[in-house]
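In: can you look at this prediction? I've put the sequence above it.
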Amino acid sequence: MKFQGKKFATVSKSLVMGVALLLASSAFAATKGSLELQDATTVNGTKLKAGDYKLQWEGSGPNVELSIMQGKNVIAKVPAHVVDLPSPSVNDAAIVSRNNDGSTSLAGVRFAGKKFALDLGEGSDGMAAGSSK
């Protein structure tokens with residue numbers, strides 16, 4: 001009987017560690033996305049041409065570093081903030097802000113079916129919806 005108790009404790013520890021690892025990996029599973037820009041847009045001082053881009057972000061908690069890529073080339077890196085949305089986004093969307101000179105800057109990204117978004121910059125006031133897929 002004593003041996004079975006140890007065996008059960010070992011199995012329980014392994015099960016708990018496995019569940020914790022699974023939960024941790026699923027919490028960080030959504031670290032990639034895509035972005036389609038209809039017009040040239042500036043991100044952190046880098047001008048992005050209209051087109052399709054891959055997104056990848058790293059970090060824990062609400063503050064992450066967003067990499068914007070074409071193929072395997074990183075075009076721009078920018079700090080971003082993961083924010084919860086009240087309901088899933090209907091579609092993928094680039095959120096842009098219009099600058100005084102008429103140009104646009106990327107202010108955030110929404111992902112179809114996801115209840116989170118990435119916001120770039122200091123706030124979301126005055127943002128207008130940009131391109132969407």
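Out: That came in fine, so what should we check first?
In: neighbours around the residue nearest to residue 62 when sequence neighbours are not counted, how many?
Out: Closest residue to residue 62 apart from its sequence neighbours, by Cβ to Cβ, 6 or more residues apart in numbering: residue 82 at 4.9 Å. Any C-beta I mention is one placed from the backbone N, CA and C, and that applies to glycine too. Here the number of neighbours of residue 82 (other Cβ atoms under 10 Å) works out to 17.
In: I'd say residue 82 and residue 58 touch.
Out: No. Residue 82 is beyond contact range of residue 58, at 11.4 Å (criterion: Cβ atoms under 8 Å).
In: give the residues shared as contacts by the two.
Out: Counting by Cβ atoms under 8 Å, 6 or more residues apart in numbering, the common neighbours of residue 82 and residue 58 are residue 64.
In: this structure - how does it break down into domains?
Out: Per the record, the chain has its domains at 1-29, 31-132, by automatic domain parsing.
In: by mean pLDDT, show me the worst of those domains.
Out: Among the domains of the chain, domain 1-29 carries the lowest mean pLDDT, a mean of 46.
In: picking that back up, got a list of what the residue nearest to residue 62 touches?
Out: With Cβ under 8 Å, 6+ apart, residue 82 has these contacts: 57, 61-64, 116-118.
In: and those residues, which two are the farthest apart?
Out: In those, two members sit farther apart than any others by Cβ to Cβ. They are 61 and 117, at 15.4 Å.
In: between those two, tell me which one has more neighbours.
Out: Taking other Cβ under 10 Å, residue 61 and residue 117 do not tie; residue 117 has more neighbours (20 against 7).
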